[in-house]
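# output the structure for:
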Amino acid sequence: MRKLKKKQFKAMGFIEVLVAIVVVGIVSAVFLSIAGNAMKDLIQAERIEYMARLARNGVNVAQEIANKEKANVVTTTETNYFPDNTYCYIPLREGEGEDVVYSFEKEGEGNTLKWFENDNSATNRENVVAYVTEFVSDTSSLGGEDYFVVMCIEYIDTETTQWANVKFWVGDTKVAGVRTDSSDVKDFIYYAVIEL
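You can find the predicted model right below:
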């Protein structure tokens, strides 16, 4: 009888160890899941913050271009710096330091501004991504090779106060743009008013 109790106690210890291992494994999996979600949220927040910074840079570039046009209205007849139609345009910054030149992408060698439709559809997004990655150099694009920055004009008031209601569309060129959810942001929209 005594030998039987010893074997039962030994078996109970083995079962307790197995239960403890299972519990530790489950708790570890939960903690790893929480850490993984926290890391994914941190990376997502960093991407959104970077896209917002690109959009704010785009606002500054667009305002500088508008200021350039304002300054040249009195002195010259060339005023095709800032667009005057409700389409989307690519703002560019070329040069460094005091030699920086701000402009919008122009088609070919002419003075015509390159424009895209003012919608966030998948087809228009594909057109923008294809054009930016192929024709816009990494040094002049505000987003570099990983992001695109496009200014879309929503409304222009040229009769009274001279301003343009615009949105800056910043997108990741590496994301297909099929869907956006909490785990993957493809585009960022930033609204602004540009004084003309």
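
# from now on I want contacts and neighbour counts done on CA atoms only, so please keep to that.
Fine.

# list the contacts of Arg93.
61, 100-103, 139-142 (C-alpha atoms under 8 Å, 6 or more residues apart in numbering).

# can you classify it by secondary structure?
Assigned with DSSP: H, G, I helix; E, B strand; the rest coil, Arg93 falls in the strand class.

# mind exporting stretch 27-43 as PDB, just the C-alpha atoms?
Only the C-alpha atoms of stretch 27-43 are listed here, as PDB (Å, rounded to 0.1, in the frame of the first residue of the first chain):
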ATOM      1  CA  VAL A  27       1.300  33.200 -21.000                       C
ATOM      2  CA  SER A  28       4.400  33.500 -23.100                       C
ATOM      3  CA  ALA A  29       2.400  33.300 -26.300                       C
ATOM      4  CA  VAL A  30       0.000  36.000 -25.000                       C
ATOM      5  CA  PHE A  31       3.000  38.300 -24.100                       C
ATOM      6  CA  LEU A  32       4.600  37.700 -27.400                       C
ATOM      7  CA  SER A  33       1.300  38.600 -29.200                       C
ATOM      8  CA  ILE A  34       1.000  41.800 -27.200                       C
ATOM      9  CA  ALA A  35       4.600  42.700 -27.900                       C
ATOM     10  CA  GLY A  36       4.100  42.000 -31.600                       C
ATOM     11  CA  ASN A  37       1.000  44.200 -31.800                       C
ATOM     12  CA  ALA A  38       2.700  47.000 -29.900                       C
ATOM     13  CA  MET A  39       5.600  46.900 -32.300                       C
ATOM     14  CA  LYS A  40       3.300  46.900 -35.300                       C
ATOM     15  CA  ASP A  41       1.400  49.900 -33.900                       C
ATOM     16  CA  LEU A  42       4.600  51.700 -33.300                       C
ATOM     17  CA  ILE A  43       5.800  51.200 -36.800                       C
END
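
# mind listing what's buried in it?
Residues of stretch 27-43 classed as buried: none (neighbour count, 16 or more other C-alpha atoms under 10 Å).

# any chance of the contacts of Arg93 in TSV, with pLDDT and distance to Leu92 too?
Formatted as TSV, the contacts of Arg93 follow (pLDDT from 0 to 100; distance: C-alpha to C-alpha, whole Å):
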residue	pLDDT	distance to Leu92
Val61	92	8
Val100	84	10
Val101	85	8
Tyr102	87	6
Ser103	88	5
Thr139	70	9
Ser140	81	5
Ser141	81	5
Leu142	85	6
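
# mind listing what Asp115 touches?
In this structure residue 115 is Trp, not Asp. 87-90.
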